[in-house]
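Asks: pasted the sequence and its predicted model underneath.
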Amino acid sequence: MTLISAQGISKDYVMGEMSVTALKSISLEIKKGEFVAVMGPSGSGKSTFMNILGCLDRATGGAYLLDGSDVSKLQRDELAEIRNKKIGFVFQGFNLLARRSALENVELPMLYDGVPASERGARAADALKVVGLSGREGHHPNQLSGGQQQRVAIARALVNRTPLILADEPTGNLDTRTSVEIMELFVRLNAEAMITVMLVTHEPDIARFSRRVIKFLDGTVLSDGPVETL
Amino acid sequence: MINVPSTVKIAFEAIRVNKMRSSLTMLGIIIGVGSVITMLAVGTGARERIAEQISSMGSNLLIVLPGSTSSGGIRMGAGSQATLSIGDAQAMAKESPAVAYAAPMLGGVAQVVYGNQNWSTGVSGTTRAFLFVRDWQLASGRPFMDDDVRNASKVCLMGQTVVDNLFGGLDPIGQVVRIKKVPFTVIGVLETKGQSPNGQDQDDTILIPVTTAQKKIFGTAFPGMVRVIMVKAKSADDLPRAERQIADLLRQRHHLGQRQEDDFSVRNLTQMMQAAEQSTKIMTLLLGAVASVSLLVGGIGIMNIMLVSVTERTREIGIRMAIGAKTWDIRLQFIIEAVTLSLIGGVFGIMLGVGGSMLLASIAEWNTSVSLFSIVLAFGFSGLIGVFFGFYPAYKASLLDPIEALRRE
C-alpha cells in the first residue's frame, strides 16, 4: 500500500529576476508502515521536500499523492485539513505552546478537528501514556526536560491517529542518551501502531534506527536504499 | 472549527500574563465607555428635568402680556403698560374657539402673617381658570368659585411652602391669615409642584380672587387692570390658532386701528420649553459624539496591542497552522481575544460611567440619569470595537506562511 507517491515534484523559488531551483523533478514512493530517514547537507533540498510532503508548501511542478489522493492542487484551508488528519509533525525545537499544559498541547490537533471536549481529554491522556508521560499531564513545557518535551510533541503528533509522522531533526536539541530513547519510541510506534515515520537527520547514528535511507544533494535524490547501505 | 470557550480561556490567560499591557489597553475602552455613559446620563438627566418642568408648568400654554408704552419715542418694554383687563380674559375664554381657559393674573410680593409667624411670598390674584391652565390640583380644601371672584371674597389658596412656614404641622384650612393686613380665610392648599423652569419655588405662592387683589391688595398700581393673562389652548395643534384668535380679539376689544401696533404680546411658553428640550437633545448628541471619539481611540489601542501580539506569537500561529488550524480558526482566535479585551474594558467602563454620573449628581448636583439603553449601547459598542479593530490583526495573522512562522523565534 503506497502512502506517499511523489511524481516528478519540482520546486522553484522566484527571487526578482532570478529563479532558483530547489528540487529537480523528484519521484519516489513510500509505503505504509515504512521508517524512512532523509539525509543530506543543508541546501540539498531535503527540507523543501519535507515541507511539500508535509503539505506546508506546494510544489511548482509534478504531482503529490498522499494516501491515494492528489494534494498538490489543494487550497490553503484544504491543506490545513490534510495536515490535521493525515500528518503528525515533530520538530527539532519541540514547538510546544509555552503557556499550555502537556495535556492541552496534546489536545490541540483535536481542537481543530472538532473533537468534543469530553473526548479530547481522554484521548490526549492516552497519547501521553503511549509516550510514557503518564502523570505529567498538568506540567507546562518549562517544567519538563528536553526529552520529555519531545515526547509531548510526539504524543501531539499521534493523537489524531494520523498515518504519517514527519519529524524534522527530532533529536537535534537532545543529548545522545535521550536521542536514543526518542528514536526507540519512534521505532516502537512504527512497529506497533504501523505508523509511517519519515525523519530528517544529519547523524548516521540516528538514521540507523530507520529501515530506508534517502540522501539528497543539490535538489535531487542522490541515493535511496535500505539502511544497511549506509 | 474553533472552540469558543477554550479560546476565551486562552484570551483571559493572555490578558492575565500581560497584566500591565492589557490594563493599559483596556483603559482606553474603559475611559471611552465610561465617558459615553456619563455624557448620555448628563444629557438625559437634563432632558428629563426639562420635560418635568414642562409638565409642571402645564401644557399648551400661552402668556398674554400688556404691550409696551412709548412716550416721546422711548419704548418701555412689554408689560410696562396696563392694557389687559379681567374682561379681556373672560372674552378670550368665551369667544376664541381655540382657547380652553384664560386666567387673568395680578400679583406681587406681600407679607403674610399668621399668629406670631410671618412670611413674605408671591400673592397672585386670579380666577379658578388658573388651576386649569396650570393643571394644578388641590391637596386639600376647595378652590375659589366664580362667586368668590364676583364678590371679591377674602379667601385664599396656599402653596405648600407657605403652609410649612406659617403653620408648621397644623391644618391651615379655615384659618385666617393677614395679607398686607387684610384678613383672608384659607380655603385650600395647592398640590406640591416643585421648581419652575427658572429655578423658582412654585409652591411659595398664595392665590386669591383677582377682584380681591385689585380692590384690597394691589389696587393702586393698575386700577381695574391685570398684569398678565395666562391661556391654555385646547390642544397643542390649536396653539397657533389660539395665538391668532387672541390677537384679533384683543385688537378689536382695544379698538386698535389698522396702523396701530399691538398693545399686548402673546408668548408661546410651551414652544419655548420645547426649543429648550431640543437644544438639550442636541447637546446630548454632541457630548455623546465627543465621548465616542475616546471610544474610537480606545479601539485603536486594542488594534495596536493585537498587532504586537500577532508579531510576538508568530511562532505559536505557525504551530497552530501546522497542526491544522484553518484561516478562520486563526482569525477567530485573535478576534475573540480582541473582543474579550474590549468587553472587559466595557464592563469596567460601565462601572466608571455609572459611578461618574452618580458622582456628578451628588457633587455638582446635576440631574443625571443612566439609562439601561446607554449601558446596553456602550457594552454592545465596545464588543463591536473589539471585532472591528481586532479584525485587521487577525487577518494579518491568518495570512502568515506556516513555514516562515515556524522559523521565527
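Replies: That came in fine, so what should we check first?
Asks: where does chain B come near chain A, residue by residue?
Replies: B:1-3, B:6, B:13, B:17, B:315-316, B:318-327, B:329, B:402-403, B:406 (Cβ under 8 Å from any Cβ of the partner chain). Where you see a C-beta, it was placed from the backbone N, CA and C, and this is true even at glycine.
Asks: what residues does chain A put near chain B?
Replies: A:51, A:54, A:56-57, A:76-77, A:80-81, A:83-85, A:89, A:91, A:95-97, A:99, A:108-109, A:111-114, A:117, A:156, A:160.
Asks: which of the residues of chain B next to chain A fall in strands?
Replies: Judged by DSSP state E, strands contain none of the residues of chain B next to chain A.
Asks: only whichever of these are buried, select them in ChimeraX.
Replies: Of these, the buried ones go into a single ChimeraX selection, burial set by 16 or more other Cβ atoms under 10 Å in any protein chain shown:
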select /B:2,3,6,315,316,318,319,320,321,322,323,324,325,326,327,329,402,403,406
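Asks: ok so, going back, quick one: which of the residues of chain A next to chain B sit in helices?
Replies: A:51, A:76-77, A:80-81, A:83-85, A:108-109, A:111, A:117, A:156 (DSSP state H).
Asks: and the residues you listed, which two are furthest apart?
Replies: For these, with distances taken as Cβ to Cβ, the pair at the greatest spread is A:Asn51 and A:Ala117 (32.0 Å).
Asks: between those two, who's got more neighbours?
Replies: The residue with more neighbours, out of A:Asn51 and A:Ala117, is A:Asn51; 20 against 12, by other Cβ atoms under 10 Å in any protein chain shown.
Asks: residues in contact with that one?
Replies: For A:Asn51, the contacting residues are A:Asp57, B:Ile403, by Cβ atoms under 8 Å, 6 or more residues apart in numbering or on different chains.
Asks: phi and psi next, for the spatially most central residue of chain A.
Replies: Nearest to the mean C-alpha position of chain A, by Cα atoms, centre = their mean, lies A:Leu166 at 1.1 Å. Backbone torsions for A:Leu166, taken as degrees, to the nearest 10, come to phi -110, psi 120.
Asks: which residues touch it?
Replies: A:Met50, A:Leu53, A:Gly54, A:Ile87, A:Gly88, A:Phe89, A:Val90, A:Met198, A:Leu199.
Asks: go ahead and confirm the second one touches A:Tyr64.
Replies: Yes: counting by Cβ atoms under 8 Å, A:Leu53 does reach A:Tyr64; the two are 7.3 Å apart.
Asks: identify the contacts common to the two.
Replies: Counting by Cβ under 8 Å, 6+ apart, the contacts common to A:Leu53 and A:Tyr64 are A:Ile4, A:Ala6.
Asks: quick check: the residue of chain A nearest chain B.
Replies: Going by Cβ to the nearest Cβ, chain B is nearest to A:Asn84 of chain A, at 2.5 Å.
Asks: ok, the nearest residue to that residue once chain neighbours are set aside to B:Ser382 distance?
Replies: Nearest residue to A:Asn84, sequence neighbours excluded (Cβ to Cβ, 6 or more residues apart in numbering or on different chains): B:Gly324, at 2.5 Å. Per Cβ to Cβ, to the nearest Å, B:Gly324 is found 32 Å from B:Ser382.
Asks: name the element B:Val113 belongs to?
Replies: Take DSSP states H and E as the rule and B:Val113 turns out to sit in strand B:99-114.
Asks: partners of that strand, with directions?
Replies: Sheet partners assigned to strand B:99-114 using DSSP bridges are listed as strand B:117-126 (antiparallel), strand B:176-179 (antiparallel), strand B:228-233 (antiparallel).
Asks: could the C-alpha coordinates of the helix or strand encompassing B:Val162 be exported in CSV?
Replies: When elements are assigned from DSSP H and E, B:Val162 belongs to helix B:160-167. Listed next in CSV are the C-alpha coordinates belonging to helix B:160-167 (Å, rounded to 0.1, in the frame of the first residue of the first chain):
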residue,chain,number,x,y,z
GLN,B,160,-47.1,74.1,50.4
THR,B,161,-44.0,76.2,51.1
VAL,B,162,-46.2,79.0,52.6
VAL,B,163,-48.2,76.4,54.7
ASP,B,164,-44.9,74.9,56.0
ASN,B,165,-43.6,78.3,57.0
LEU,B,166,-46.7,79.7,58.6
PHE,B,167,-48.4,76.7,60.0
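Asks: how far off strand B:99-114 does that helix point, in degrees?
Replies: Interaxial angle, helix B:160-167 versus strand B:99-114 (axes from the mean of the first three to the mean of the last three Cα atoms, to 10 degrees): 20 degrees.
Asks: I'd like to know how many residues surround the residue of chain A closest to chain B.
Replies: 23.
Asks: could you name the helices and strands sitting against whichever strand or helix holds B:Gly45?
Replies: If you go by DSSP H and E, B:Gly45 is part of helix B:19-57. With contacts taken as 3 or more Cβ pairs under 8 Å, 6 or more residues apart in numbering or on different chains; DSSP states H and E, helix B:19-57 sits against helix B:4-17, helix B:269-312, helix B:327-359, helix B:372-398.
Asks: save those as TSV, and put in mean pLDDT too.
Replies: Shown next, in TSV, are the helices and strands packed on helix B:19-57 (pLDDT from 0 to 100):
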stretch	mean pLDDT
helix B:4-17	79
helix B:269-312	86
helix B:327-359	92
helix B:372-398	92
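Asks: winner for burial among those helices?
Replies: Each of those was scored by mean neighbour count; the highest is helix B:327-359, a mean of 22, by mean count of other Cβ atoms under 10 Å in any protein chain shown.
Asks: what about the residue lying closest to B:Pro209 once chain neighbours are set aside, which helix or strand?
Replies: Once flanking residues are discounted, B:Pro209 sits nearest to B:Val149: 4.4 Å by Cβ to Cβ, 6+ apart. Using DSSP H and E, B:Val149 maps to helix B:146-150.
Asks: just the mean pLDDT for that helix, thanks.
Replies: Mean pLDDT, computed over helix B:146-150, is 87.
Asks: on contacts alone, who are the packing partners of it?
Replies: Checking 3+ Cβ pairs under 8 Å, 6+ apart, helix B:146-150 ends up next to helix B:210-212.
Asks: hang on, the earlier thing: by neighbours, which of the ones in helices among the residues of chain A next to chain B wins?
Replies: A:Pro109 leads those on contacts (other Cβ under 10 Å) with 31 neighbours.
Asks: the closest residue to B:Ile319 other than its chain neighbours: neighbouring residues, count only.
Replies: Setting aside the residues directly before and after it, B:Ile319 is nearest to A:Asn95 in space (Cβ to Cβ, 6+ apart), at 4.9 Å. Neighbours of A:Asn95 under the rule other Cβ under 10 Å: 21.
Asks: need the contact list for A:Asn95.
Replies: A:Phe89, A:Ala153, B:Arg315, B:Gly318, B:Ile319, B:Ala322, B:Leu406.
Asks: so what's the closest residue to the last one other than its chain neighbours scoring on pLDDT?
Replies: Pointing back at B:Leu406 there. Among residues not flanking B:Leu406 along the chain, B:Gly318 sits closest, at 3.8 Å (Cβ to Cβ, 6+ apart). pLDDT for B:Gly318: 95.
Asks: hmm, back to that, in TSV, list the helices and strands packed on helix B:19-57 along with distance to B:Ile50.
Replies: What follows is the helices and strands packed on helix B:19-57, written out as TSV (distance: least, Cβ to Cβ, whole Å):
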stretch	distance to B:Ile50
helix B:4-17	43
helix B:269-312	5
helix B:327-359	18
helix B:372-398	18
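Asks: fine, thanks again, bye for now.
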